[in-house]
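Peer 1: quick one, fold the following:
(chains A, B and C)
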Amino acid sequence: MNQARIQENIQNIINNFNKESFIFDLLLAYGLPKAGITRLRKGDRNLSSVPGEISWKKKLFFKEAADNDLHLIITNIKSKIKHDQRFIIVTDYQTLLAIDTKTDDKLDIPLNELPTHFDFFLPWAGMEKVTHKNDNPADVKAAEKMARLFDIIKKDNPDDSPEFIHGLNVFLSRLLFCFFAEDTNIFRENQFVNALDAHTNADGSDLGQWFESFFLVLDTHKEKRSDLPEYLNAFHYVNGNLFNKRFTIPQFTRRSRQAIIDGGQLQWKDINPDIFGSMFQAVIGADQRGSLGQHYTSVPNIMKVIEPLFLNELYEEFNKAIAHNNPAKTNHDLSHLLHRISKIKIFDPACGSGNFLIIAYKELRRLEMKIFIELEEIEKSHITKLSNIHLNRFYGIEIDDFAHEVAMLALWLTEHQMNVEFKKQFGQTNPTLPLKDSGNIVQGNATRLNWDEVCPKSQEDEVFVLGNPPYRGFSQQSTDQKSDLNYILGSTTKLDYIACWFILGSKYIGAHPKTSLAFVSTNSITQGEQVALLWPFVLNENKTIFFAHKSFKWTNSAKSKAGVTVVIIGITSKSINSKIIFENSHEKKVDFINPYLSTSKIIGVQKRKEPISPFPKMVLGNMPNDFGGLQFSPQEKQEITNNFPETNRFFKRVVGSQEFIKDIERWCLWVKESDVDSLKTIPQIAKRLLFVKDQRANSKKKSYNIYAEKPHRFIEIRHQSGTSLIIPGTSSEKREYLPIGLLTGEIIINNLAFAIYNPPIELFGILSSRIHNNWLRAVGGSLETRIRYSSLLCYNTFPFPQISDRRKQEITQGVFRILEEREKHPDKTMAQLYDPDKMPDGLREAHRLNDLAVEQCYRSRPFQSDEERLEHLFKLYEQMT
DNA sequence: GATCCGACATATA
DNA sequence: TATATGTCGGATC
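Peer 2: Numbering: from 1, shown residues only, chains lettered A, B, ... in the order given. All right, here's what the predicted structure looks like:
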């Protein structure tokens, strides 16, 4: 049961309040076993015989009270209860008091406010109030410690061969296992570090040898061991292939030996295998240290993937089964579900150190436990309950050798943790040692491997592909990554590297009836030019997007978080009627989700060289490619013109997005060929020209090299004198209107904005209209969530009808109204004028009138909503293309 | 020659 | 450190 459902349940209790059933309804709302609650109600499970009191072992002590001193009553109860009841509740049905006996948290609220405090009782639903489960400083500390240890050992062993590095990776993961084992009852407490400390020399000289024999012991059955000192023989057989290969063990020194002993002092049981593995990923490459853990996926984000991908559906089946009034039916359905979840395969083709696999494993084990609890309630049987969810149905591909070692290790550690949880509940469990098979984690390049070989599937297999593959924009990709993309697509492309995973994932799903996929991805594959490039390769063979999380900012608890905005996309070939869009923690059921993650019936808008509407040409501003050399701040310019007043004529104002929006003064050199010689006589300018010349000459690009000989000029010049319409290339998404402007005089627009030279005035009105804004947001690119204008994608594709001169005049009048309103605030920048909270009323009204005039051109009936505007635009777009 | 993008970049409070 | 909001020129077509 998820939290939203629980909250809904509680709201229902309050809305249809019933004194008699309140407490039982409350327990039901959290998904506690129905059969148990029924028996509690009948009385045979109630440990209290006092009327108005309900006492349920480990769960609840409830008391109805008419007295006015509820506080006194609850304190009294707290001091007397003896069946480990988690919550005490006392109420007079006006006020509700509650105590969480485990955390000592208290609740004191009017009863009708219960829905907003529903989280207080979440432990009933198996959700502990761990405030920052994913913000564990212990993980970071441990990772840093391991990184230091790695450095020390590396320094003492200057061997860079791949074999040695691999051996070191394996050694570190074994060490991690030992640390963890002695803190979590796999070994005895401190058994490993004590043994090491007592039986090796302080200078580290014999430590390598000791590890060699120690690992051999862990890999040998107790019966097969002989002549071992008692302290070594006391270690259990571990197996699981963790210790079965021989590698060169590094040399140790006093320092590295001490570092290992110090490592044992950490509280390893506080560490989450879900996260800590990711931290260690960056241990190896010193160049990655700064970005330690930047890219690991936090538990909440993993949940955003696995819940809609499969977990919610499994819980639906679970809830349906326990809702039967017929125990035999419930029993049957639950057994079926048990079987189903034991057969599920989970596959992460970019698994890193296995976070997704670990969380998925944990969630399946938890569901399995809940099913066992329900079955127990029904049967009171003593069938042997042992988990049937095995690590060998978890698959992964990881390119990094160390991460892949850690992934296998972390899966074992998680299995152990779940076994401990299981034992607490059922008194027995599968033994942790000797370790069984771990997950099927393959080390390799996922873009080159055959996924069907890594995770084979029969027609009956239910497979869920998930993960957070690497993102890399086209100009950041390495040569190898480019050839990976090329290999998959058969041609060069401007797609992000993650496209490999979507395309291969789609191929892997094929037409398989029981396979779905969901990845966390950079949002740029759902915007701008990439949409039309990527999605035809993905949404083939009846595949659809069946859920999507719209753009949200990437976060985790790493020190320096990756700067990216992400989406989550689920794809399947199953036919699913109602798709779900998640946005700002709200979900919306829809019929269709397009690759922009909205609901219009549009697949992808392609870049166009020419406008489809009767518009003049829009061009990118003038591109300096000057490495900063040809542009000057007012101070820099003044320094020169003060000394050489005749140089004033060489400078012109230059405007990009920022200069226009924030009214920033900036100057550039803009000269005729004939003036170049006199330019060179000014020392400050000559210096700049030399700089530009050098930079251009050193560029990899031939076209830049050519212009090294003309360092006084911008490389690409498109300027025309007269009036120009400026459209900023990037602008905040918070603004209701795109701030555009008319520039007069010789102002140079640079490549950070677009220009229409000597435009018809009504174009100003059309491009600043709400309906055009809708279009940009729908089909344009973006920088994270900022609006990014582009001529080919936004302007040339914008459908606008041919209009009469009268209409043109109406719009032109509106434009003048907007300009007048702006002029009333000469001291304000565009950023201030278009701040959605502070926009002057007059300006807003002028825009409203402009919108009306523009929208009149499409149809006489006014549009009711943005959705309606977009529908209309898409229809028109299809007609016009 | 022209342009769209960034597991971003940078200023500001 | 968190928040707000747009640089610059590389790589590709």
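Peer 1: C-terminal to the helix or strand bottoming out on mean pLDDT in chain A, what's the next element?
Peer 2: Within chain A, no helix or strand scores below helix A:273-281, which has a mean of 62 by mean pLDDT, DSSP states H and E. Next along the chain after helix A:273-281, taking DSSP states H and E as the criterion, comes helix A:299-306.
Peer 1: quick one: buried residues of that next one?
Peer 2: A:299, A:301-302, A:304-306 (16 or more other C-beta atoms under 10 Å). To be clear about C-beta, it is placed using only N, CA and C from the backbone, and glycine gets the same treatment.
Peer 1: listing partners with orientation, what would you give for the strand ranked longest in chain A?
Peer 2: The single longest strand within chain A, with elements called by DSSP state E, is strand A:544-553. Applying DSSP bridges to the sheet, strand A:544-553 is found paired with strand A:565-572 (antiparallel), strand A:579-583 (parallel).
Peer 1: can you list contacts of it?
Peer 2: Residues external to strand A:544-553 that are found in contact with it (C-beta atoms under 8 Å, 6 or more residues apart in numbering): A:304, A:308-309, A:516, A:518, A:523, A:526, A:539, A:565-574, A:576, A:579-584, A:592-595, A:597, A:784-785.
Peer 1: near DNA strand C, from the residues you listed?
Peer 2: Counting by C-beta under 7 Å from any atom of the strand, A:Glu784 from the contacts of strand A:544-553 sit close to DNA strand C.
Peer 1: only C-alpha atoms, please: export the strand or helix carrying A:Leu843 in CSV.
Peer 2: Per DSSP H and E, A:Leu843 falls inside helix A:841-856. Output of helix A:841-856 as CSV, limited to C-alpha atoms (Å, rounded to 0.1, in the frame of the first residue of the first chain):
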residue,chain,number,x,y,z
ASP,A,841,-0.8,45.8,-14.7
GLY,A,842,-0.7,48.0,-17.8
LEU,A,843,1.8,45.8,-19.5
ARG,A,844,0.0,42.6,-18.6
GLU,A,845,-3.2,44.1,-20.0
ALA,A,846,-1.4,45.1,-23.2
HIS,A,847,-0.2,41.6,-23.6
ARG,A,848,-3.7,40.2,-23.0
LEU,A,849,-5.1,42.4,-25.7
ASN,A,850,-2.3,41.4,-28.0
ASP,A,851,-3.1,37.7,-27.3
LEU,A,852,-6.7,38.3,-28.3
ALA,A,853,-5.7,40.0,-31.5
VAL,A,854,-3.2,37.2,-32.4
GLU,A,855,-5.6,34.4,-31.5
GLN,A,856,-8.3,36.0,-33.6
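Peer 1: helices and strands around it, which ones?
Peer 2: Judged by 3 or more C-beta pairs under 8 Å, 6 or more residues apart in numbering; DSSP states H and E, helix A:841-856 is in contact with helix A:761-767, helix A:770-779, helix A:805-823.
Peer 1: show me what the longest one is packed against.
Peer 2: Meaning helix A:805-823. By 3+ C-beta pairs under 8 Å, 6+ apart, helix A:805-823 packs against helix A:761-767, helix A:841-856.
Peer 1: give me the angle between the last one and helix A:770-779.
Peer 2: Direction vectors for helix A:841-856 and helix A:770-779, defined by axes from the mean of the first three to the mean of the last three C-alpha atoms, to 10 degrees, enclose an angle of 80 degrees.
Peer 1: grab the nearest non-local neighbour of A:Tyr30.
Peer 2: Ranked by C-beta to C-beta, 6 or more residues apart in numbering and with sequence neighbours excluded, the top spatial neighbour of A:Tyr30 is A:Trp124, at 3.9 Å.
Peer 1: cool, A:Asp348 as well?
Peer 2: Closest residue to A:Asp348 apart from its sequence neighbours, by C-beta to C-beta, 6+ apart: A:Gly467 at 4.0 Å.
Peer 1: count the residues that sit near the one you found.
Peer 2: 28 (other C-beta atoms under 10 Å).
Peer 1: now do the one 3 residues further on
Peer 2: As a burial measure, A:Pro470 scores 16 neighbours (other C-beta under 10 Å).
Peer 1: please look at it and A:Ala350 and confirm they touch.
Peer 2: Yes: using C-beta atoms under 8 Å, A:Pro470 is in contact with A:Ala350, at 6.5 Å.
Peer 1: which of the helices and strands packed on helix A:841-856 sits closest to A:Thr555?
Peer 2: Closest to A:Thr555 of the helices and strands packed on helix A:841-856 is helix A:770-779 (C-beta to C-beta; 23.6 Å).
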